[in-house]
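Colleague: Sharing a model prediction with you, sequence too.
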Amino acid sequence: MAKDNAFVNQIADIETDFPRWYTDVVVKTELVDYGPVKGTMVIRPYGYAIWENIQRELDARFKATGHKNAYFPLLIPYSFMTREAEHVEGFAPEVAVVTVGGGETLAEPLVIRPTSETVIGEMYSKWLQSYRDLPILINQWANVVRWEKTTRPFLRTSEFLWQEGHTAHATEEEAMEETMKMLGVYKEFAETCLAIPVFTGRKTEKEKFAGAVATFGMEAMMHDGKSLQAGTSHYLGQNFAKAFDIKFLDKDGTHKYAYTTSWGVSTRLIGALIMAHGDARGLVLPPVVAPVQAVIVPIAAKKEGVVEAAAALKAELCAAGIRAEADFSDNSPGWKFNEWEMKGVPVRIEIGPRDIEAGKIVLVRRDTHEKSEAPLQAAPAAVQALLGSVQANLLERARKRKEERVVTAEDMNGLLQGVEGGNFVKAGWCGCRECEDKIKEQTAASARVLVEGEHAGKCVCCGKEAKHVVLFARAY
RNA sequence: CGAGGUGUAGCGCAGUUUGGUAGCGCGCUUGGUUCGGGACCAAGAGGUCGUGGGUUCAAGUCCCGUCACCUCGACCA
């Protein structure tokens, strides 16, 4: 057994060197390649299939909440960016700018969208006339570019794919309701599809989206106790409406500025999946979003009837709506087992001469490696049931970790020990920027979300009366 | 931009201290034996040593320049 090969060595680093494990596994499992431009990624078919599954699930939810898809331009006049003061300040350092077109220097440079509030705002101002036009509920699936200094595949790349919802409403209440509704959609999606339980809540001023009145985020706990911002929903108030003149004539005959929102999740979710569920053997994908839900590995494939039986089984599973694959490559079965485990396929089915004779199949689940048998006749139902069980177990496992690894701290030392032990830490905070910065400096932890409805006590940093209970964690 | 590191075959690396025929593992190709947890045998293909200049009879190795990438900091979905 060639246990000393490079892959095994690298996988063994999982506990001690998580980011390295992450990058290696992401590349080895053929999710992505690095692009020719620094910080860019080429999403390969297997990785893209995960994204397609995420898109399918999210899109169904957006449609169910009345949103429509549309598409806005990639290039945005530079002047649009500067109309909202806080927005330009936040994004200017990380935009890519086009200065030449058709061989000539452009009169006005164009930015490659880092996000689309500005172009969409410009269009909404043209579309919106009357209160009857409201609400405008639009989502777009697009790519955006942000010139990041350090990058990691899926988690932070210069270009990434995402969806961005942009809505406009007549009232503050309605816009705030939309903001919270979409945060709720994300949370439900993360838990039922990705099997990742999340913390949701309001972000601090420092962590807020540039140009928003308030930002709400969902934070997912990774293996190593670090947090990953997995989605955001912004209440923009009238900031962008005023900057882009998004006005309507209301019932009372007066012109009013609309209240807008925006919300998004990105291909970072794939990174979240990998980090939340992955283990020492590679990826572990929840069945709902796994490109391949069940892989059939024929054993002793040269023996009579094995290949035929495997192919027939695959057809039967596919007909039952299961994303099934059969591996007829000439690798050894041991190789195939490891290969598909590394790729995170939730269920493996082994079928060989002995199984065919006995009229059964062997099922192995990826999350626990537990083996079971099922009659060949009842294969689709057995696989369906097992997929459901894997999905539920992954969520349960992640939920348990999420619950066990939240501690509270009274002082800075407690906070430091908490995050060093791989925990999220609840602590009081006075609300001032100085303390927030000082906490980051001393513990490398940042305020992830504000926790509602809990007694605040004293600020961990300055000891003054705390305004908020904050969930602190080290973050990706 | 601050600090450190690395560029040699598709991938991972050795060789550089002390200059002297370009190496290893994996992968790849061909043929054969295998196949219930990363099989084996045999024969092959594949490299302007990041790049420009210099020293030398001779440079992957020494000297000067330059480019790219990686890690850690500040920023971020």
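Modeller: Structure received.

Colleague: Scan chain A for its longest helix.
Modeller: Looking across chain A with DSSP state H, the single longest helix is helix A:379-404.

Colleague: tell me which element the nearest residue to A:Gly211 once chain neighbours are set aside falls in.
Modeller: Using CB to CB, 6 or more residues apart in numbering and skipping residues adjacent in sequence, the residue nearest A:Gly211 is A:His87, 3.5 Å away. C-beta: built from backbone N, CA, C; applies to glycine. Using DSSP states H and E, A:His87 sits in helix A:85-91.

Colleague: For the stretch 351-476 of chain A, what lies in contact range of RNA strand B?
Modeller: Taking CB under 7 Å from any atom of the strand as the contact definition, the stretch 351-476 of chain A meets RNA strand B at A:351-355, A:362, A:364, A:369, A:440-441, A:444, A:475.

Colleague: now, the most widely separated pair of the residues you listed?
Modeller: Using CB to CB, those reach their maximum pairwise distance at A:Pro353 and A:Glu441, which is 64.8 Å.

Colleague: Looking at the two now, which is surrounded by more residues?
Modeller: A:Pro353 (16 against 8; other CB atoms under 10 Å).

Colleague: Quick check: the more buried one touching A:Lys303?
Modeller: Yes - here A:Pro353 reaches A:Lys303: they are 4.7 Å apart, a contact under CB atoms under 8 Å.

Colleague: Just the buried ones from the residues of the stretch 351-476 of chain A next to RNA strand B, in PyMOL syntax?
Modeller: The buried residues among those can be selected in PyMOL (16 or more other CB atoms under 10 Å) with this line:
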select buried, chain A and resi 351+352+353+355+362+364+440+475
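
Colleague: Out of the residues of the stretch 351-476 of chain A next to RNA strand B, list just those in strands.
Modeller: A:351, A:362, A:364 (DSSP state E).

Colleague: Show me the beta-bridge partners of the last one.
Modeller: Following DSSP bridges, A:Val364 is listed with bridge partners A:Arg348, A:Lys371.

Colleague: tell me the contacts of it?
Modeller: By CB atoms under 8 Å, 6 or more residues apart in numbering, the contact list for A:Val364 reads A:347-350, A:370-372.

Colleague: Going C-terminal from the helix or strand harbouring A:Ala49, what's the next secondary structure element?
Modeller: For A:Ala49, the element it lies in under DSSP H and E is helix A:45-64. Beyond helix A:45-64 in the direction of the C-terminus, DSSP H and E gives the next helix or strand as strand A:68-69.

Colleague: where's that following strand relative to the chain centroid, distance-wise?
Modeller: Relative to the mean C-alpha coordinate of its chain, strand A:68-69 is positioned 20 Å out (CA atoms, centre = their mean, to the nearest Å).

Colleague: domain ranges for chain A?
Modeller: Following automatic domain parsing, chain A resolves into domains at A:6-73+A:115-277, A:294-386, A:406-473.

Colleague: mind checking how far A:Leu416 is from RNA strand B?
Modeller: A:Leu416 sits 15 Å away from RNA strand B, going by CB to the nearest atom of the strand, to the nearest Å.

Colleague: My error: substitute A:Trp340 in the last question.
Modeller: From A:Trp340 to RNA strand B the distance is 9 Å (CB to the nearest atom of the strand).

Colleague: again with A:Pro286
Modeller: From A:Pro286 to RNA strand B the distance is 19 Å (CB to the nearest atom of the strand).

Colleague: Is that residue in a helix, a strand, or coil?
Modeller: Following DSSP: H, G, I helix; E, B strand; the rest coil, A:Pro286 is assigned to coil.

Colleague: which residues does the residue nearest to it when sequence neighbours are not counted contact?
Modeller: The shortest distance from A:Pro286 to any non-neighbouring residue, by CB to CB, 6+ apart, is to A:Ala195 (4.2 Å). Residues in contact with A:Ala195 (CB under 8 Å, 6+ apart) are A:276-277, A:286, A:288, A:391, A:394-395, A:398.
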